[in-house]
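Asker: quick check, what structure comes out for this input:
(one chain, ligands or ions: 1)
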Amino acid sequence: MSSVLKDKSILLGITGSIAAYKAAEIVRLLKRRGASVYPVMTQAATHFIHPLTLTSLAAQEASLDLFEMKRGRMEHLSLAQLADLVLIAPVTANVMGKIAHGIADDLLTTTVMATKVPIILAPAMDEGMYENAVVQANIRELKSRGMHLIGPEEGELASGEVGKGRMSEPPKIVDYAERILQSRGDFAGKLFMVTAGPTREALDKVRFISSYSSGKMGYALAEEGIDRGARIILISGPSPLIPPPQAEFYSVETALEMRKRVMEKFSAVDGVLMAAAVSDFRPKLVHKSKIKKNACTSLKLDLVQNPDILKELGRIKKDKLLVGFCAETSSLKEKAEEKLKEKNLDLIVANDITLEGAGFGVDTNIVLLMDRDGEVTSLDRRSKREVARKIWDKVKELMPA
Ligand code: CTP
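Answerer: Predicted coordinates:
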C-alpha cells in the first residue's frame with residue numbers, strides 16, 4: 001500500500017543531541033516511503049553527525065546557513081514553503097525552549113517560525129533535564145500551540161543511566177509522521193461550526209451576567225479542525241483570544257445573538273461543536289442607564305431563561321453531527337448521559353470543573369467523552385489542544401460514511 005509520505009517534502013531538523021546519529025536512519029525510512037527529505041541542521045548537530053552523511057542519504061544538501069539564498073529566496077522562506085511537514089528529530093531542550101518562546105536565531109528555528117505546516121518534535125535529553133520544570137512548561141506550551149510531540153521514552157541514555165529522555169526509535173517516529181499527515185485530510189471538504197467563550201447578558205449600561213469561560217477550548221477546537229482540513233465557522237462570545245485567520249469568524253455578545261448566528265448558519269454545516277458557555281438566564285429587563293446604589297438598599301434581579309441553543313439543534317439535526325459540552329461539579333457521568341439524551345447529541349464532552357487543571361480559564365482540561373452508543377473515553381489532564389484532537393478523532397469516527 002502506498003504511504004501518505006509518498007511525494008511529500010519533509011523538512012528534517014536535526015539538533016545537537018547524541019541521538020542525532022539516528023537521523024540518518026530517519027532519512028532512509030522517509031525516503032523508502034517515497035518522501036523527499038530536506039535536512040536542516042543546527043551548528044551543534046554537526047558535532048554529532050557530519051552534514052555529508054545526511055546530504056548523501058537524503059540526496060539533498062543539508063542546510064545550516066540562515067543567510068544563504070536557495071531556490072531564489074532566503075533559505076528559511078523557501079524551506080518553510082516547500083515543506084509538507086517539519087520533523088525535528090532529535091530536538092534538544094534548548095531548541096524546544098527557543099521555539100516555545102519565539103526565538104529564531106538560526107536556520108532551523110527561523111524556518112519553524114515561518115512555516116504553517118504541522119510540526120513534529122522528537123525530544124532527546126538527559127532525564128534530569130527532561131524533568132526540569134522549565135522544560136516541562138515549554139513542552140506544555142508547544143503542545144498547546146498545536147505542535148505534535150513524540151517521546152521521549154524510558155531507556156538507556158547517553159550518560160549510561162537508564163531513565164526517561166531517550167528519543168523514540170526512528171520507525172516509530174516515521175509511523176507517527178505518517179499518521180499526522182494522514183489526519184490532515186480528515187475533514188477535507190467538510191464545514192463545521194464551533195461556538196466558544198461565554199455570553200454576556202446586560203443588566204444595565206455597565207454590568208452584565210457572564211461566566212468564567214475564556215474561549216480556550218472552543219478556539220483550540222477551531223484550530224485543530226482547520227489543521228485537519230475542515231472549514232470552520234467560529235461563533236464566539238467575548239474572549240481575549242485571537243481567532244484563527246482561516247476561520248469564518250463571528251463575534252457575538254448575548255445568548256440570543258449567538259442563537260441567531262447559529263441558526264443562520266446551521267443548514268450549511270456538517271456538524272456543530274457547541275463549546276460555548278451559554279448563559280442559561282438573562283435579566284428580564286435591561287436598565288437603560290446605570291443602576292444607582294442610592295436608589296435601593298437591596299436589589300432583586302428578575303431573570304428569564306435563555307433558549308437552549310443546543311437542544312433546539314438536537315430537534316432539527318437530522319444527520320448533522322452534534323457535539324455538546326457539559327461542565328459539572330458532581331456526578332459527571334450520569335449528568336453527561338442525561339444531557340446527551342435530552343439534547344439528542346452524538347457526543348458529549350464532560351468535565352468536572354472542581355478538578356485542578358480542568359474547566360474555565362486554564363490551558364488544560366480533564367474530560368470524559370461519551371458518544372451516542374454509550375461508549376465512554378476518559379482523558380487525563382492534557383492541553384486543550386490535545387483534548388481538541390481527541391474530540392475531532394471521535395467526530396471522525398461518528399461521521400456518516
Ligand atoms: N447550551 C446551549 N444553550 C444554553 C445552555 C447551554 O446551547 N442556553 C449548550 C452548551 O453550549 C453546552 C451544553 O449546552 O454544549 C451543556 O451546557 P451546560 O451549561 O453544561 O448544561 P445545561 O443544559 O445548561 O444544564 P445545567 O445548567 O442545568 O447544568
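Asker: could you give the bridge partners of Ala196?
Answerer: Here Ala196 sits in beta bridges with Ser236, going by DSSP bridges.
Asker: can you get me a residue count around it?
Answerer: Look at Ala196: counted by other CB atoms under 10 Å, it has 26 neighbours. Backbone N, C-alpha and C define where each C-beta goes, glycine included.
Asker: pretty sure it contacts Tyr219?
Answerer: Yes: the pair Ala196 and Tyr219 qualifies as a contact (CB atoms under 8 Å) at a distance of 5.6 Å.
Asker: residues from the stretch 201-350 of the chain in reach of the ligand?
Answerer: Within the stretch 201-350 of the chain, the positions adjacent to the ligand are 255, 274, 276, 278, 280, 306, 308-310, 324-327, 339 by CB under 6 Å from any ligand atom.
Asker: return the item of the residues you listed having minimum pLDDT.
Answerer: pLDDT is lowest at Ala327 among these; the value there is 91.
Asker: torsion angles phi and psi at that residue?
Answerer: With angles defined as degrees, to the nearest 10, Ala327 sits at phi -100, psi 120.
Asker: quick one: contacts for the residue in the stretch 51-200 of the chain positioned nearest to the ligand?
Answerer: Nearest to the ligand in the stretch 51-200 of the chain, going by CB to the nearest ligand atom, is Thr195, at a distance of 6.3 Å. Applying CB atoms under 8 Å, 6 or more residues apart in numbering to Thr195 gives the contacts 218, 234-236, 258, 262, 272-276, 278, 309.
Asker: repeat that for 6 Å
Answerer: By CB atoms under 6 Å, 6 or more residues apart in numbering, the contact list for Thr195 reads 235, 274-276.
Asker: residues near Ile366, how many?
Answerer: If you count neighbours by other CB under 10 Å, Ile366 ends up with 18.
Asker: in its sheet, what does the helix or strand hosting it sit against?
Answerer: Assessed by DSSP states H and E, Ile366 sits inside strand 364-371. Applying DSSP bridges to the sheet, strand 364-371 is found paired with strand 347-352 (antiparallel), strand 376-383 (antiparallel).
Asker: TSV for those, including distance to Phe249 and mean neighbour count?
Answerer: Below are those laid out as TSV (distance: least, CB to CB, whole Å; neighbours: other CB atoms under 10 Å):
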stretch	distance to Phe249	mean neighbour count
strand 347-352	22	24
strand 376-383	22	15
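Asker: just send the ones you listed back as JSON lines, with mean pLDDT too.
Answerer: Below are those laid out as JSON lines (pLDDT from 0 to 100):
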{"stretch": "strand 347-352", "mean pLDDT": "95"}
{"stretch": "strand 376-383", "mean pLDDT": "89"}
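Asker: of all these, which one is nearest Ser17?
Answerer: With CB to CB, the closest approach to Ser17 among those belongs to strand 376-383: 24.2 Å.
Asker: buried stuff in the next helix or strand after the closest one?
Answerer: Following strand 376-383 in sequence order, the next helix or strand is helix 384-398 (DSSP H and E). Within helix 384-398, the residues that qualify as buried are 384-395, 398, counting by 16 or more other CB atoms under 10 Å.
Asker: please apply the same query to stretch 247-254.
Answerer: Buried residues in stretch 247-254, counted by 16+ other CB under 10 Å: 247, 250, 252-254.
Asker: could I get those as JSON lines with distance to Asp302, pLDDT and secondary structure?
Answerer: Conversion of the buried residues of stretch 247-254 to JSON lines gives the following (distance: CB to CB, whole Å; pLDDT from 0 to 100; DSSP: H, G, I helix; E, B strand; the rest coil):
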{"residue": "Ala247", "distance to Asp302": "37", "pLDDT": "91", "secondary structure": "coil"}
{"residue": "Tyr250", "distance to Asp302": "30", "pLDDT": "98", "secondary structure": "strand"}
{"residue": "Val252", "distance to Asp302": "23", "pLDDT": "98", "secondary structure": "coil"}
{"residue": "Glu253", "distance to Asp302": "20", "pLDDT": "98", "secondary structure": "coil"}
{"residue": "Thr254", "distance to Asp302": "17", "pLDDT": "98", "secondary structure": "coil"}
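Asker: dump these to CSV, plus distance to Glu131.
Answerer: Compiled in CSV, those are given as follows (distance: CB to CB, whole Å):
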residue, distance to Glu131
Ala247, 37
Tyr250, 44
Val252, 44
Glu253, 45
Thr254, 47
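Asker: and of these, the nearest to Ser9?
Answerer: Distance to Ser9, by CB to CB, is smallest for Ala247 among those, at 26.5 Å.
Asker: double-check that closest one against Leu221; I have them as touching.
Answerer: No: the criterion here is CB atoms under 6 Å, and Ala247 misses it with Leu221 at 10.5 Å.
Asker: count the neighbours of Met1 for me.
Answerer: A total of 3 residues lie near Met1 under the criterion other CB under 10 Å.
Asker: typo on my end, Gly357
Answerer: Counted with other CB under 10 Å, residues neighbouring Gly357 total 12.
Asker: against Gly16, how distant is it?
Answerer: Separation of Gly357 from Gly16 (CB to CB, to the nearest Å): 33 Å.
Asker: go on, Leu299?
Answerer: From Leu299 to Gly16 the distance is 64 Å (CB to CB).
Asker: got it, and Arg315?
Answerer: 59 Å.
Asker: who's more crowded, the two?
Answerer: Comparing Arg315 with Gly16 by neighbour count (other CB under 10 Å), the higher total belongs to Gly16, at 21 against 8.
Asker: what about Leu256, distance to Thr199?
Answerer: From Leu256 to Thr199 the distance is 9 Å (CB to CB).
Asker: so those two - more neighbours on which side?
Answerer: Shown here are Leu256 and Thr199; by other CB under 10 Å, Thr199 has more neighbours (29 against 16).
Asker: residue contacts, that one?
Answerer: 237, 254-255, 258, 278-279.
Asker: check Phe249 too.
Answerer: By CB under 6 Å, 6+ apart, the contact set of Phe249 is 234, 243.
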